[in-house]
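Asker: For reference, the sequence and a predicted model appear below.
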Amino acid sequence: MFRPRPMLRIDLLLLQQELPRVTSALVKGGIFHLGRATDLPNLPSAGTSPQLAREDQLRQLELLLGTLVENLRIEPGPEKILEPEDLSSWQEWARTLLQELSVRGRRREELKILDKRVDGLIQFLEKITELVGNFSEILSSKFSFLVIGELSGSEFDSLFSPPPGIHYLILHGAADTTLIVFYGARSSRERLIGFLNDHQFRLLKLPARMKGDFRTCLEKAKSVRRRIHRDLKRLEQKDGRLVARHGAMICQRLHSIRIERSMLDIYRQCGFTDRVAMLGGWIPSNRLPLLEKILNDVCPGRFSLHQRAAAGADTPILFNNPGLIRPFERILKVYGTPSYGELEPTPVLALGFLVLFGMMFGDLGHGLVFILGGLLLRRASRFRDEGCILAEMGVFAALFGFLYGHVFGLEHLLPPLWFNPMDNIPAFMGAALVMGVGGILIGLALRVWNGARHPDGPFFTDPFGLAGLIFYGGTLSTGYLVYRDLLPGSTLAWLILPLAAIFLHPLALHGRLRDPRHGGIFFAEGAVEVLETILGFLANTFSFLRVAAFGLAHIGLMTAVFALAEQARGWPLGMIWMILVLVVGNLIVLVLEGLVVSIQTVRLEFYEIFSKFFQGGGVAYNPLNMDHLPERSR
């Protein structure tokens, strides 16, 4: 707690041929946070990785296999991982299958186009089947013509009347296309074709050899459509047989290629010589025996392990908090991840959040409801962290409710152990300010702690560092003593010392003054720094008055709920209405105000306290594990 788990920097040397098996074992072990390999002494010049050399081949093969899976609509099942050693043979096999599938695909598209044409012809013949005439006469007539085709829906909507002497018949309309028959005098055919071309008309060819009366032609067309459907079904059956023979192997090889490509992302961070691979990263110090066991199981005696205590901003952080505080790590990550060198502030966040929430939502009854809801949420769903936080919020709400003497908004069931906020508003506001002062002082003290251990600038003149802590704490303590007549007012003059240090902060930050002509700029920056520090501390401190404001708002809302319930008591069936108003009102207060108070609590902590010391910019510990591989390998 307050410090992350100690980490070790690991540099691993092994034979290149062992790298795939070692990385697979590290992925399964789930303890190794990968980093770039560092340069180790006494190693020859860098070489290349044979795994990385075939990346293009792997990408092409993945594309081929993915196309097969998509076109054949293969449903992947449990898949074993294959060793993709002979990629050329895999590529040739995949291309052969894809070529076979492509030939059938082209034939399928041809049949679908023909099916659409025949379907349009059938619809037309069904319209004229009762008429006397011969179909071939329509097609070969010297005096008339007939065309069937498609127009897009938008084009048909904008289509004005065709040229004179032309008639049309809508066979069927759809959202995207409309099938239409045009007929009329042959002398008007060219004008119609030009008109239709302007509107993207797609002509469907009519069978020239179809002869006989309209009813006979209709039966022939239906027979052709049945043959088309049989051919389409045969193509589907051939695809099904291909899936039965090769589907499992296609999925297994695609899965193996994807895993191999995922491993390439790991290999890119490795270093290579002609025969040796270098793997770098971090592990928790207590996991070193497990790492050595993994390596000895895979390549016993054929590796060299270099370890040292981790340091630096790139070192990943592994939180080290007890179970009741651990859920608050998720809230902290919203603000940022602490770096490995700075103090880990999750306990400060957790305690501050719970105390501030309890002060603003102090009610014994509502706290017990939160506790019950949190326990149910933790047990009955996957929101275990949220349930834990909700239950802890309920504990502190109940605790402050006990101190205030509030139970579901009622103020006279319990005697207050501390005070009743509504009867002691000045005391409540004073308590909120004391809470805020304590939080700000903690933030400044943590800034001093971090700065002393890992200096990242002019530590002594920092407005949030030592100078800021002395000024803020000195102002409060000296002002209090002067107010109580324990010190003379002139004592406040010593505060000029920390303010002078803050005034010099821009100069200390940017270095010595090289050009005297820039003295005015540094003077202005120093004055602004002092003014901003004073106003900032004032705003930060009085911002905590909202704790009292929301605490009083909670009491005011419950007073309004009881007033409405008392009014409902005079209605018909008044007792039922009163109970309903009380139940609904309490639920609204629990949900709505609980959400608002939680947001305000996080805001106070992040902007008034954490902004004083929290640097962030750290890297969360994310060891190689099955999440780094394609989903179905997990």
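Answerer: That came in fine, so what should we check first? Residues are numbered from 1 along each chain as shown.

Asker: contacts and neighbour counts: CA atoms only from here.
Answerer: Noted.

Asker: For the stretch 1-150 of the chain, which segments count as strands?
Answerer: For the stretch 1-150 of the chain, the strands defined by DSSP state E, counting those that start in this stretch occupy 7-15, 33-35, 144-152.

Asker: can you redo these as a markdown table with mean pLDDT?
Answerer: Formatted as a markdown table, the strands of the stretch 1-150 of the chain follow (pLDDT from 0 to 100):
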| stretch | mean pLDDT |
| --- | --- |
| strand 7-15 | 92 |
| strand 33-35 | 90 |
| strand 144-152 | 74 |
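
Asker: Compare the ones you listed and give me the one nearest Lys222.
Answerer: Closest to Lys222 of these, according to Cα to Cα: strand 144-152, at 17.1 Å.

Asker: contacting residues around stretch 592-608?
Answerer: Residues outside stretch 592-608 that contact it (Cα atoms under 8 Å, 6 or more residues apart in numbering) are 335, 349, 352-353, 356-357, 360-361, 440, 540, 543-544, 550, 554.

Asker: List the buried residues in stretch 361-379.
Answerer: For stretch 361-379, the buried set under the neighbour-count rule, 16 or more other Cα atoms under 10 Å, comprises 361-378.

Asker: List of residues touching that stretch?
Answerer: Looking at what lies outside stretch 361-379 - Cα under 8 Å, 6+ apart - the contacts are 383-402, 404-409, 550-551, 554, 590, 594, 597.

Asker: Can you say which of these are buried?
Answerer: 384-402, 404-409, 550-551, 554, 590, 594, 597.

Asker: Take the residues you listed and keep only those in helices.
Answerer: 384-402, 404, 550-551, 554, 594, 597 (DSSP state H).

Asker: Look at Asp462 and give its secondary structure.
Answerer: Following DSSP: H, G, I helix; E, B strand; the rest coil, we place Asp462 in the coil state.

Asker: can you give me phi and psi for it?
Answerer: Torsion angles at Asp462 (phi, psi; degrees, to the nearest 10) stand at phi -60, psi 130.

Asker: pLDDT-wise, which helix or strand of this structure ranks last?
Answerer: helix 153-158 (a mean of 56; mean pLDDT, DSSP states H and E).

Asker: Next, count neighbours for the closest residue in space to Ala309 that isn't next to it in sequence.
Answerer: Residue nearest to Ala309 in three dimensions, not counting chain neighbours: Leu8, with 4.8 Å by Cα to Cα, 6 or more residues apart in numbering. Other residues near Leu8 come to 21 when the count uses other Cα atoms under 10 Å.

Asker: tell me the contacts of Leu8?
Answerer: Counting by Cα under 8 Å, 6+ apart, Leu8 has contacts Trp282, Ile283, Pro284, Ser285, Gln307, Arg308, Ala309, Ala310.

Asker: Tell me the bridge partners for it.
Answerer: Per DSSP bridges, the residues bridged to Leu8 are Ile283, Ala309.

Asker: Could you identify the longest helix within the chain?
Answerer: Max-length helix for the chain by DSSP H is helix 214-267.

Asker: top of the contacts of stretch 592-608 by neighbour count?
Answerer: Going by other Cα under 10 Å, Phe361 tops those with 31 neighbours.

Asker: re earlier: in JSON lines: the strands of the stretch 1-150 of the chain, plus distance to Gln252.
Answerer: Shown next, in JSON lines, are the strands of the stretch 1-150 of the chain (distance: least, Cα to Cα, whole Å):
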{"stretch": "strand 7-15", "distance to Gln252": "28"}
{"stretch": "strand 33-35", "distance to Gln252": "27"}
{"stretch": "strand 144-152", "distance to Gln252": "43"}
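
Asker: nearest to Gln57, of those strands?
Answerer: Across those, closest to Gln57 is strand 7-15 (Cα to Cα), at 23.2 Å.

Asker: Identify each buried residue in that closest one, please.
Answerer: Residues of strand 7-15 classed as buried by neighbour count (16+ other Cα under 10 Å): Met7, Leu8, Arg9, Ile10, Asp11, Leu12, Leu13, Leu14, Leu15.

Asker: Tell me, how many residues neighbour Lys112?
Answerer: Every residue meeting other Cα under 10 Å relative to Lys112 is counted, giving 15.

Asker: what does the one 3 residues further on give?
Answerer: Applying other Cα under 10 Å, we find 19 residues neighbouring Asp115.

Asker: can you start the count at 795 instead of 1 from here on
Answerer: Got it, the first residue is 795 from now on, which makes the last one we talked about Asp909.

Asker: how near is it to His1023?
Answerer: Here the distance between Asp909 and His1023 works out to 8 Å (Cα to Cα, to the nearest Å).

Asker: now swap in Gln1031 and tell me
Answerer: 12 Å.

Asker: The two - which one has more neighbours?
Answerer: Set Gln1031 next to His1023 and count neighbours by other Cα under 10 Å: His1023 wins out with 15 against 12.

Asker: Can you list the low-confidence ranges for the stretch 1145-1294 of the chain?
Answerer: 1250-1251 (pLDDT under 70).

Asker: so which of the strands of the stretch 795-944 of the chain comes closest to Glu1086?
Answerer: Judging the strands of the stretch 795-944 of the chain by Cα to Cα, what sits closest to Glu1086 is strand 801-809, at 10.7 Å.

Asker: export the closest one as PDB, just CAs?
Answerer: The C-alpha coordinates for strand 801-809 follow below in PDB (Å, rounded to 0.1, in the frame of the first residue of the first chain):
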ATOM      1  CA  MET A 801       9.600  -4.800 -10.200                       C
ATOM      2  CA  LEU A 802      12.700  -6.400 -11.800                       C
ATOM      3  CA  ARG A 803      14.100  -5.500 -15.200                       C
ATOM      4  CA  ILE A 804      14.800  -8.700 -17.200                       C
ATOM      5  CA  ASP A 805      17.000  -9.100 -20.200                       C
ATOM      6  CA  LEU A 806      16.900 -12.600 -21.700                       C
ATOM      7  CA  LEU A 807      19.300 -14.100 -24.200                       C
ATOM      8  CA  LEU A 808      18.400 -17.300 -26.000                       C
ATOM      9  CA  LEU A 809      18.800 -19.000 -29.400                       C
END
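
Asker: The strands of the stretch 795-944 of the chain: which one's closest to Ile1373?
Answerer: Closest approach to Ile1373 among these (Cα to Cα): strand 827-829, 57.3 Å.

Asker: Would you list the strands that the closest one pairs with, along with their directions?
Answerer: Going by DSSP bridges, the partners of strand 827-829 are strand 1070-1078 (antiparallel).

Asker: can I have the strand it pairs with written out in CSV, keeping just the CAs?
Answerer: Taking C-alpha atoms only, strand 1070-1078 is exported to CSV below (Å, rounded to 0.1, in the frame of the first residue of the first chain):
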residue,chain,number,x,y,z
VAL,A,1070,20.8,-15.0,-30.6
ALA,A,1071,17.5,-13.3,-29.7
MET,A,1072,17.3,-10.7,-26.9
LEU,A,1073,14.0,-10.4,-25.0
GLY,A,1074,13.5,-7.5,-22.5
GLY,A,1075,10.8,-6.7,-20.0
TRP,A,1076,9.7,-6.6,-16.4
ILE,A,1077,8.3,-9.0,-13.8
PRO,A,1078,7.3,-8.5,-10.2
